[in-house]
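[1] Show me how the following folds:
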Amino acid sequence: MPITIHSDPIPNIPWQPKPAGCPDVVWRYDKNPVIDRRPLPQATGIYNSAVVPFEGKFVGVFRTEYKNRMPHLHFGRSGDGLQWQFDSKEIEFQCDDPEIKRQEYGYDPRLTRIGDTYYITWCNGYHGPTIGMARTRDFKTFEQLENAFLPYNRNGVLFPRKINGNYAMLSRPSDTGHTPFGDIFYSESPDLTFWGKHRHVMSKGLSWWQDKKIGAGPSPIETSEGWLLFYHGVLESCNGFVYSTGAALLDLDEPWKVLYRTNQAILMPEAPYETTGLVPNVVFPATALVDSATGRIALYCGAADTFTTLAFCDADEVIAFTKENSQV
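    The predicted structure follows:
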């Protein structure tokens, strides 16, 4: 039976057919990077960022790295998902609690729509990295919520619907540096303030490309085969860290249960803009747009902590590949 995708269609999704003879399940946009160096005068790069369709066009929350290497969150807009314009000032979050509003830095945002509300999760500086949260309905006013967890935590990714009546999130507890541990965990909340029911999802390891740590990428995609999750895995090589992309299928009702998980990377740093930049050898999946009518998926990735790039895949093909090349 054909795979069903439970999301809205995106008829104008950025797309490019697979090149003839391409052996890979994921292929790159031939005009990458879609966001090049120096996208704003004060910025050295925009990468690891979040994009959603909105009112027939596209908007996003972007990790913008200043020349002092401090990351900030900026709003951007695009008619086609390829050509982007950015606000010159960082997002001003609305919050009555000065303890929550204080922000040392913000990076690696994700955007998830639940109902008519868009939720932003990001790595927020609060006595160390933790999961910041905000919401908006119009991308004009952004309401900051309580931080989800204690420091230290990264890669907080919401599910696009409630599970067991609760909001659900994936995250990766960590420390302040490139920690030698790095597993993905699942948590639930009735109100986006109090989080519990913590469950272990996946461990690092299994294969060398993800032997250092792993972290959830874009919001999981609900399909008839399970939650399709793109995630990043990190290899510690003799020349430093290498960030690649893998895929997994999680149980629909109990998402901490992994059904399938790729035993190999589906996207590794190979292109010049992935191997050369401020941090070489990085492909970091942060956004997955999916057109439920066609199964087309557009992956926005951070490249070398400098650029934003696009890659493409087909939901049926990537799910079949994940099942056929699985190691749980």
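
[2] ok, Ala248 - how many residues close by?
    If you count neighbours by other C-beta atoms under 10 Å, Ala248 ends up with 24. Backbone N, C-alpha and C define where each C-beta goes, glycine included.

[3] isn't it right up against Lys257?
    No - at 10.7 Å, Ala248 does not count as touching Lys257 under the criterion of C-beta atoms under 8 Å.

[4] For stretch 305-322, measure first residue to last.
    For stretch 305-322, the first-to-last residue distance is 27 Å (C-alpha to C-alpha, to the nearest Å).

[5] which parts of that stretch are buried?
    The neighbour-count check on stretch 305-322 (16 or more other C-beta atoms under 10 Å) flags 305-315, 318-319, 321-322 as buried.

[6] What about these, which are in strands?
    Using DSSP state E, the members of the buried residues of stretch 305-322 that fall in strands are 307-314.

[7] now the residues you listed as CSV including distance to Gly215 and pLDDT?
    Listed next are these as CSV, based on distance: C-beta to C-beta, whole Å; pLDDT from 0 to 100:
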residue, distance to Gly215, pLDDT
Phe307, 19, 98
Thr308, 18, 98
Thr309, 18, 98
Leu310, 20, 98
Ala311, 18, 98
Phe312, 22, 98
Cys313, 19, 98
Asp314, 24, 97
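
[8] Ile46: which of these is nearest?
    Thr308 (5.8 Å; C-beta to C-beta).

[9] re earlier: between the buried residues of stretch 305-322, which sits nearest Glu225?
    Using C-beta to C-beta, Ile319 comes nearest to Glu225 of the buried residues of stretch 305-322, at 5.3 Å.

[10] on that earlier part again, farthest pair in the ones in strands among the buried residues of stretch 305-322?
    Phe307 and Asp314 (24.2 Å).

[11] what are the ranges of the helices in the stretch 151-300 of the chain?
    Per DSSP state H, counting those that start in this stretch, the stretch 151-300 of the chain carries helices over the ranges 272-275.

[12] check contacts around Thr193.
    With contact set as C-beta atoms under 8 Å, 6 or more residues apart in numbering, Thr193 has these partners: 145-146.

[13] What distance do you get for it to Ser187?
    12 Å (C-beta to C-beta, to the nearest Å).

[14] So which elements touch the host helix or strand of Tyr118?
    Assigned by DSSP states H and E, Tyr118 belongs to strand 117-125. Packing contacts for strand 117-125, counted by 3 or more C-beta pairs under 8 Å, 6 or more residues apart in numbering; DSSP states H and E, involve strand 43-54, strand 106-114, strand 129-136, strand 153-158.

[15] could the ones you listed be laid out in JSON lines, adding distance to Leu289 and mean neighbour count?
    Converted to JSON lines, the helices and strands packed on strand 117-125 look like this (distance: least, C-beta to C-beta, whole Å; neighbours: other C-beta atoms under 10 Å):
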{"stretch": "strand 43-54", "distance to Leu289": "7", "mean neighbour count": "24"}
{"stretch": "strand 106-114", "distance to Leu289": "11", "mean neighbour count": "22"}
{"stretch": "strand 129-136", "distance to Leu289": "18", "mean neighbour count": "22"}
{"stretch": "strand 153-158", "distance to Leu289": "15", "mean neighbour count": "25"}
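
[16] now those as TSV including mean pLDDT and distance to Met70?
    Below are the helices and strands packed on strand 117-125 laid out as TSV (pLDDT from 0 to 100; distance: least, C-beta to C-beta, whole Å):
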stretch	mean pLDDT	distance to Met70
strand 43-54	97	11
strand 106-114	98	9
strand 129-136	97	13
strand 153-158	97	17
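
[17] can you list those strands in TSV and add distance to Thr275?
    Converted to TSV, the helices and strands packed on strand 117-125 look like this (distance: least, C-beta to C-beta, whole Å):
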stretch	distance to Thr275
strand 43-54	14
strand 106-114	20
strand 129-136	26
strand 153-158	23
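
[18] right, so of those, which gets closest to Cys95?
    When the helices and strands packed on strand 117-125 are compared by C-beta to C-beta, strand 129-136 sits nearest Cys95, at 8.4 Å.

[19] hmm, who's touching the closest one?
    Contacting residues not belonging to strand 129-136 are listed as 93, 103, 106, 117-124, 126, 142-154, 156, 169, 171, 174, 176, 192 [C-beta under 8 Å, 6+ apart].

[20] Pairing partners for the next helix-or-strand element following that strand, with directions?
    Where DSSP H and E defines the elements, the next helix or strand beyond strand 129-136 is strand 142-144. Applying DSSP bridges, strand 142-144 is found paired with strand 93-94 (parallel), strand 129-136 (antiparallel).
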